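In: model this:
(chains A, B, C and D)
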Protein chains: 2
Amino acid sequence: MLKKERHQFIMDKFKEADKVNTIDLALELEISEDTIRRDFNELHNKGLIEKVYGGAFLVKDKSRNIFDINIVNEDKKIIVGQKALSFLREGQVIIMTGGTTNLSFCKLIPIDFSATIYTYSLPIAMQLSQHPNIELIFIGGKLQKNAMVTVGIDVVQVLSKIKADVCFIGVSSLDVNQGLTEMGYEVSIIKKEMINASDKIIVLATSDKINGKMPHKVCGLDRIDAIVTELSPTSPRIKNFADAGARLF
Amino acid sequence: MLKKERHQFIMDKFKEADKVNTIDLALELEISEDTIRRDFNELHNKGLIEKVYGGAFLVKDKSRNIFDINIVNEDKKIIVGQKALSFLREGQVIIMTGGTTNLSFCKLIPIDFSATIYTYSLPIAMQLSQHPNIELIFIGGKLQKNAMVTVGIDVVQVLSKIKADVCFIGVSSLDVNQGLTEMGYEVSIIKKEMINASDKIIVLATSDKINGKMPHKVCGLDRIDAIVTELSPTSPRIKNFADAGARLF
DNA sequence: AAAGATAATGCATTATTATGCACGTTTTAA
DNA sequence: TTAAAACGTGCATAATAATGCATTATCTTT
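Out: I've put the predicted structure just below:
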């Protein structure tokens, strides 16, 4: 029996019982307790079990991988993403902001889609790196850890020098009168710059972002070419936007 | 029986069992264990199997989620990372290259460690973003998708302007005579620049990178302040490095 | 088809890993 | 507090792996 098999065997034991016992395992597998102890040590070092005097317990809450991002309201965001696909054109130069709505959108982009995409979001970049035909340019800078985007003068400087066909922009809040507003000052500055650099502005927003105001204004409704939500464009919840002349999808 | 047939035969074995055994295969095919081992090595290098002492396992359906990175030889890389921790100092300015060895290292950095870290690797940045006291600066540029690092003139330009205390550098290959060499031209240029910008150079390498040569030279052994491997510094496998005066850890 | 070049294989040697045992230390429970 | 049980460490041994080298097989080119 190979060591790895034994390790697997031990881990499987936890399906039957909460605790495994050093001696029992040694007897069952007909090997020395020393070997079981060494196995325990290795499994412990991998963070899989917790050693106790006489045996071991399974570690339950194995802190889930930091790399997998939890998307709240993913179903709604997928609807938004699906609708937004119609704004994609092959060969475009695209600016993509961060946020989980944009991330859901990026997951839906056809695998062989070809374009040049600028982004300042780490998760978005990870996602888009799966697309072989997308030329991906990451805008560097100081990392803002909560949003997983880069900020600072370097980001603004890069953006000031580029020209894009379209910007897919996620939002903190969207209001009929205030337009697009942001929670953080730095991100608001950067988004302004992104909008400046782009011909068309497509806003991706789930309905919970609608009719809210944040301290820092990014741009007015008039500058936005399309607002994509999971709601029907005729939904009463966004009638005020329709009345104000916003292009809803 | 051709080598390719044998490889296919081995892979087919996994349909019957979870593992294959080196000796059993040698007996069944009536060839030497050496050949089976060489087959295992080749299949391992293709990422198809995982070698263990006494046999091999099939590599399971590789990460459905693009965000979780599969680290081959993680155990060895963890040993390297553990040793490398002793080179960290609070408050340093650090340059961190990419690669899974460096990623393993970053996972081991104490959560409250405080420093300024520059990197051009997406996964490394994702990992380090978990550390609240690390000021993380991502070096932007065009994304090279296989290595998940940024390349291009922008990267070089940023690096030419900074000064770091230490650079933790992963390698393609490390050779006594050639020193540090890289597979890709662009990355070799960038690593040169990183070395230029740093006072101390710490090389992190598992033993499989040792005694190999790649087309693009990065720097000689004399510029390297420490080579950290999973082996003992006195191991005969790296005796030639010790003889050449390299500082092994 | 033959000669030379290249790759594959096996063998001998050395290195590494896994395992059990002995023995001293730590932990548990009465 | 004490004795038994469990643990950790160093060591010896055996199994497995890696490496260099010689040999054999395969491919290329003429």
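In: all helices of chain A, in order?
Out: For chain A, the helices defined by DSSP state H cover A:3-16, A:22-29, A:33-45, A:74-84, A:100-108, A:122-128, A:153-160, A:185-197, A:239-243.
In: can you report how many residues neighbour whichever residue of chain A sits closest to chain B?
Out: Residue of chain A nearest chain B, by C-beta to the nearest C-beta: A:Gly140 (2.5 Å). Every residue, glycine included, has its C-beta placed from N, CA and C. A:Gly140 has 25 neighbouring residues, counting by other C-beta atoms under 10 Å in any protein chain shown.
In: got the contact list for it?
Out: Applying C-beta atoms under 8 Å, 6 or more residues apart in numbering or on different chains to A:Gly140 gives the contacts A:Thr150, A:Asp154, A:Val155, A:Val158, B:Ile137, B:Phe138, B:Ile139, B:Gly140, B:Gly141, B:Thr150, B:Asp154, B:Val158.
In: what is the burial count for whatever residue of chain A ends up closest to DNA strand D?
Out: Closest residue of chain A to DNA strand D, C-beta to the nearest atom of the strand: A:Thr22 (3.8 Å). Using other C-beta under 10 Å, A:Thr22 is surrounded by 19 other residues.
In: likewise for A:Phe241?
Out: Neighbourhood size, A:Phe241 [other C-beta under 10 Å]: 22.
In: I'd say it and A:Val228 touch.
Out: No: if you go by C-beta atoms under 8 Å, A:Phe241 and A:Val228 don't touch, sitting 11.8 Å apart.
In: burial count for the spatially closest residue to A:Asn41 that is not a sequence neighbour?
Out: Nearest non-adjacent residue to A:Asn41, counting by C-beta to C-beta, 6 or more residues apart in numbering or on different chains: A:Lys51, 7.5 Å away. Residues lying near A:Lys51 (other C-beta under 10 Å) number 14.
In: report the beta-bridge partner residues of A:Lys51.
Out: A:Ala56 (DSSP bridges).
In: show me what from chain A comes close to chain B.
Out: A:2-5, A:45, A:65-69, A:122-123, A:125-127, A:129-130, A:132, A:135-143, A:145, A:148, A:150, A:154, A:158 (C-beta under 8 Å from any C-beta of the partner chain).
In: if any of those are buried, give me the ChimeraX selection for them.
Out: Remark: buried members of the residues of chain A next to chain B, expressed as a ChimeraX selection using 16 or more other C-beta atoms under 10 Å in any protein chain shown:
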select /A:2,4,5,67,69,122,123,125,126,127,129,136,137,138,139,140,141,142,143,145,148,150,154,158
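In: from A:Arg38, how far out is the residue nearest to A:Asn41?
Out: 12 Å (C-beta to C-beta, to the nearest Å).
In: domain map for chain A?
Out: Following automatic domain parsing, one gets these domains for chain A: A:3-58, A:74-243.
In: A:Gly47 contacts A:Lys60, correct?
Out: No: look at A:Gly47 against A:Lys60 with C-beta under 8 Å: they stay out of range, at 11.5 Å.
In: quick one: contacts for A:Lys77?
Out: Neighbouring residues of A:Lys77 by C-beta under 8 Å, 6+ apart: A:Ile71, A:Thr100, A:Thr101, A:Leu103, A:Ser104, A:Phe105, A:Thr206, A:Glu230.
In: got it, and A:Leu159?
Out: Neighbour list for A:Leu159: A:Ile95, A:Tyr118, A:Ile139, A:Ile190, A:Glu193, A:Met194, A:Asn196, A:Ala197 [criterion: C-beta under 8 Å, 6+ apart].
In: let me have those residues in TSV, adding pLDDT and distance to DNA strand D as columns.
Out: TSV is the format used below for these (pLDDT from 0 to 100; distance: C-beta to the nearest atom of the strand, whole Å):
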residue	pLDDT	distance to DNA strand D
A:Ile95	97	48
A:Tyr118	97	44
A:Ile139	97	42
A:Ile190	96	49
A:Glu193	96	53
A:Met194	97	50
A:Asn196	96	56
A:Ala197	96	52
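In: tell me which two of those residues sit farthest apart.
Out: Maximum pairwise distance among the contacts of A:Leu159 (C-beta to C-beta): 14.1 Å, between A:Ile139 and A:Asn196.
In: deepest in the core, which of the domains of chain A is it.
Out: Ranked by mean neighbour count, these are led by domain A:74-243 with a mean of 19 (mean count of other C-beta atoms under 10 Å in any protein chain shown).
In: show me which residues of chain A are close to DNA strand C?
Out: A:Met1, A:Lys3, A:Arg6, A:Ile31, A:Ser32, A:Asp34, A:Thr35, A:Arg38, A:Val52, A:Tyr53 (C-beta under 7 Å from any atom of the strand).
In: now these in CSV, with pLDDT?
Out: Shown next, in CSV, are those (pLDDT from 0 to 100):
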residue, pLDDT
A:Met1, 86
A:Lys3, 91
A:Arg6, 92
A:Ile31, 90
A:Ser32, 90
A:Asp34, 92
A:Thr35, 93
A:Arg38, 91
A:Val52, 90
A:Tyr53, 88
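In: where in chain A is pLDDT low?
Out: Counting by pLDDT under 70, chain A contains low-confidence residues at A:61-67.
In: ok, now with 80
Out: Scanning chain A with the threshold set as pLDDT under 80 gives A:45-47, A:60-69.
In: can you pull the residues of it lying near DNA strand D?
Out: Counting by C-beta under 7 Å from any atom of the strand, the positions of chain A adjacent to DNA strand D are A:Thr22, A:Ile23, A:Glu33, A:Asp34, A:Arg37, A:Phe40, A:Asn41, A:Lys51, A:Val52, A:Tyr53, A:Gly54, A:Gly55.
In: repeat the analysis, applying 6 Å as the threshold.
Out: A:Thr22, A:Ile23, A:Asp34, A:Arg37, A:Tyr53, A:Gly54 (C-beta under 6 Å from any atom of the strand).
In: isn't the fourth one up against A:Val20?
Out: If I follow you right, that is A:Arg37. No: in this structure, A:Arg37 is not within contact of A:Val20 by C-beta under 8 Å, at 12.0 Å.
In: burial of the closest residue to A:Ser86 other than its chain neighbours, as a residue count?
Out: Leaving aside its chain neighbours, A:Ser86 sits nearest to A:Phe249 (7.8 Å; criterion: C-beta to C-beta, 6+ apart). A:Phe249: 17 surrounding residues under other C-beta under 10 Å.
In: how much space separates A:Phe249 from A:Ser207?
Out: Distance from A:Phe249 to A:Ser207, by C-beta to C-beta: 13 Å.
In: still on that earlier bit, got the domains of chain A as CSV, with distance to B:Gln82 columns?
Out: Shown next, in CSV, are these (distance: least, C-beta to C-beta, whole Å):
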stretch, distance to B:Gln82
domain A:3-58, 10
domain A:74-243, 25
